[in-house]
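Asker: Sequence first, then the predicted structure:
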Amino acid sequence: MVQDRVEGVPTQYWHALEDGRVQCDICPRFCKLREGQRGLCFVRGRANHQIVLTTYGRSSGYCIDPIEKKPLSHFLPGTPVLSFGTAGCNLACSFCQNWDISKSRQLDTLCDAAPPDLIAQAALSLGCRSVAFTYNDPIIFHEYAIDVAKACHQVGVKAVAVSAGYVCPEPRTEFYAHMDAVNIDLKAFTNTFYNDLCKGDLDTVLDTIRYIHQETEVWMELTTLLIPDENDSPDEITQMCRWIVDNVGVDVPIHFSAFKPDYRMLDKQRTPAFVLQQARSIAQKHGINYVYVGNVHDPDADSTYCPHCQEVVIGRDWYELSTWNLSDDGHCLSCHHPIAGVFDGPPGTWGRKRQPVQLSPFVKVS
C-alpha cells in the first residue's frame, strides 16, 4: 500500500472493517486501507474514512485512434475513437505493454484535465463515433468512466471499454450498463499464469466474460497477447477456444496479438508469426468465425470473412479498410448472411492514423 495525502471524489464500493480499516470492493484484490493509504491500483485510496477516486477528471492524454486499434473489428469499422486513460492498474502484469501509464505512481502523468461533458462535446466536434477508456483499465476509474459514458450518450457518442475483466460483480453490473462495446484482455488460460505474472486469477475474468455475453447487450471482442513459452502452447489455446465456444459462442471475435519485450519481461523474444497463425488455425478449427492477429503485418489475418460463403466482407491492411462487402446493416453482399457486430451505415474512412489532441480548445468561455 502507498501512504500519502489522499484527496479525491467519494466512491460507492467499499465497506468498513472491525479493525478500523476500510476495504475497497471494486475488484477482487480487496485492498484494506488505513487513513492516507492507496490501493495497489494507486488511484483509489482512503481519505476521511472512505474510499475516494483520486483521478476523477484527469487523464494521461487524449488521442484519436482507429476503432480497430482497440482492437474492435466488428464495432463501427473504420471510424475514429477518442481514446484516453488515467494512471495505475489493479493487476501487476510483468509484461505490461502500457507500463508507463498503467504502472505510473505520479499524478503529474495526468497532464490533461476534463469533465465528462467536455470529453463528450470534444468527441462530437472531432467527428469521433465513440470514446474509449483504454491504456489502463477503466475499472479503477469506474465513476469517471461511467459519467463520461453518460455524457457521451446524451450527444449520440458511444462508450468503449478496454479491460482485463478483473472486477467484482456489483460494480461490474453498474459499469457495463453504460458501455456499448468492450475488448476483454483474456491474458491466458491458466491460473498459474494469472497468479505468477499478473497477481490475479483466471476465474474472475472468465466470469466477467460470461456475464457480458449472457446478461448485457454490450458488443464484446477478446484479445490474447501470446508470450513465447508462457501462454502460447497449442494445448492451452485449444482449451481456451473450447471454453469460448461453450460459454460465449462462435461469433465473438478473437484477436491473437504478438508480444514484444517490455517492462519487466525483457528476456523473452517477440512472438513469431507462425505462433499467431497456429493459434488462429486452432480457433478456426473449433468453429470460431472471426479470428484475427495483431501487432504484425498480415492483411489476410486482419480481414473479416463471411462464415457462410467465405468471401472477404471487410478487407484490412493494418488498421486501414480496403474491401467493403457489407450492407449498411451488416449483411454479406455476396450471400446476404448476417455478420456479427455493430454496423451503422457505410464504413468510416479514418484509416490508420493516430492523432494526439488537446481538449482545451473545446472549453466553453462564459
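Answerer: Received, thanks. Numbers count the residues shown, from 1 in each chain.
Asker: Please state the mean pLDDT value computed over stretch 49-62.
Answerer: Stretch 49-62 carries an average pLDDT of 91.
Asker: Just the buried residues of that stretch, please?
Answerer: Neighbour counts over stretch 49-62 (16 or more other C-beta atoms under 10 Å) mark 51-62 as buried. No exception for glycine: its C-beta is placed from N, CA and C like everyone else's.
Asker: can you pull the alpha-carbon coordinates of stretch 141-158 into CSV?
Answerer: Provided in CSV are the C-alpha atoms of stretch 141-158 (Å, rounded to 0.1, in the frame of the first residue of the first chain):
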residue,chain,number,x,y,z
PHE,A,141,-11.6,4.9,-12.6
HIS,A,142,-15.2,3.4,-12.5
GLU,A,143,-17.0,6.6,-11.5
TYR,A,144,-15.3,8.8,-14.0
ALA,A,145,-15.8,6.3,-16.9
ILE,A,146,-19.5,6.0,-16.2
ASP,A,147,-20.0,9.7,-16.0
VAL,A,148,-18.2,10.2,-19.3
ALA,A,149,-20.3,7.4,-20.9
LYS,A,150,-23.5,9.1,-19.7
ALA,A,151,-22.3,12.4,-21.2
CYS,A,152,-21.4,10.7,-24.5
HIS,A,153,-24.8,9.0,-24.8
GLN,A,154,-26.5,12.4,-24.4
VAL,A,155,-24.8,13.6,-27.6
GLY,A,156,-25.0,10.3,-29.5
VAL,A,157,-21.5,9.1,-29.0
LYS,A,158,-20.8,5.5,-28.0
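Asker: from the buried residues of stretch 49-62, which is closest to residue 212?
Answerer: residue 53 (23.0 Å; C-beta to C-beta).
Asker: State the distance from that closest one to residue 38.
Answerer: 11 Å (C-beta to C-beta, to the nearest Å).
Asker: hey, what's in contact with both of the two?
Answerer: Counting by C-beta atoms under 8 Å, 6 or more residues apart in numbering, the residues touching both residue 53 and residue 38 are residue 44.
Asker: got the buried residues of stretch 49-62 as JSON lines, with secondary structure and distance to residue 262 columns?
Answerer: Shown next, in JSON lines, are the buried residues of stretch 49-62 (DSSP: H, G, I helix; E, B strand; the rest coil; distance: C-beta to C-beta, whole Å):
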{"residue": "51", "secondary structure": "strand", "distance to residue 262": "31"}
{"residue": "52", "secondary structure": "strand", "distance to residue 262": "31"}
{"residue": "53", "secondary structure": "strand", "distance to residue 262": "28"}
{"residue": "54", "secondary structure": "coil", "distance to residue 262": "26"}
{"residue": "55", "secondary structure": "coil", "distance to residue 262": "23"}
{"residue": "56", "secondary structure": "coil", "distance to residue 262": "29"}
{"residue": "57", "secondary structure": "coil", "distance to residue 262": "29"}
{"residue": "58", "secondary structure": "strand", "distance to residue 262": "25"}
{"residue": "59", "secondary structure": "strand", "distance to residue 262": "22"}
{"residue": "60", "secondary structure": "coil", "distance to residue 262": "17"}
{"residue": "61", "secondary structure": "coil", "distance to residue 262": "19"}
{"residue": "62", "secondary structure": "strand", "distance to residue 262": "23"}
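Asker: hey, where'd the helices end up in the stretch 251-366 of the chain?
Answerer: 273-285, 299-302 (DSSP state H, counting those that start in this stretch).
Asker: Which one of the ones you listed lies nearest to residue 34?
Answerer: Nearest of the helices of the stretch 251-366 of the chain (C-beta to C-beta): helix 273-285, 45.0 Å.
Asker: Let me see the residues that make contact with the closest one.
Answerer: 224, 226, 228, 232, 234, 237-238, 241, 244, 254, 256-258, 291-293, 296, 298, 301.
Asker: Buried members of the residues you listed into PyMOL, please.
Answerer: Restricted to buried positions by 16+ other C-beta under 10 Å, the PyMOL selection for the contacts of helix 273-285 reads:
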select buried, resi 224+226+232+237+238+241+244+254+256+257+258+291+292+293+296+298+301
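Asker: Next, the contact list for residue 257, please.
Answerer: Residue 257 touches 71, 223-226, 271, 276, 293-295, counting by C-beta under 8 Å, 6+ apart.
Asker: what about stretch 323-342, start to end distance?
Answerer: 18 Å (C-alpha to C-alpha, to the nearest Å).
Asker: Give the rounded mean pLDDT of it.
Answerer: If you average the pLDDT values across stretch 323-342, you get 96.
Asker: Start the count at 4 instead of 1 going forward.
Answerer: Understood, numbering begins at 4; the last thing we discussed is stretch 326-345.
Asker: May I see the buried residues of that stretch?
Answerer: Buried residues in stretch 326-345 (16+ other C-beta under 10 Å): 328-329, 333-335, 341-345.
Asker: Among those residues, which one sits closest to residue 84?
Answerer: Among the buried residues of stretch 326-345, and counting by C-beta to C-beta, the member closest to residue 84 is residue 345, at 12.8 Å.
Asker: Quick one: the buried residues of stretch 52-65 as JSON lines, columns for distance to residue 30 too.
Answerer: Formatted as JSON lines, the buried residues of stretch 52-65 follow (distance: C-beta to C-beta, whole Å):
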{"residue": "54", "distance to residue 30": "12"}
{"residue": "55", "distance to residue 30": "16"}
{"residue": "56", "distance to residue 30": "13"}
{"residue": "57", "distance to residue 30": "16"}
{"residue": "58", "distance to residue 30": "16"}
{"residue": "59", "distance to residue 30": "17"}
{"residue": "60", "distance to residue 30": "21"}
{"residue": "61", "distance to residue 30": "20"}
{"residue": "62", "distance to residue 30": "21"}
{"residue": "63", "distance to residue 30": "20"}
{"residue": "64", "distance to residue 30": "24"}
{"residue": "65", "distance to residue 30": "25"}
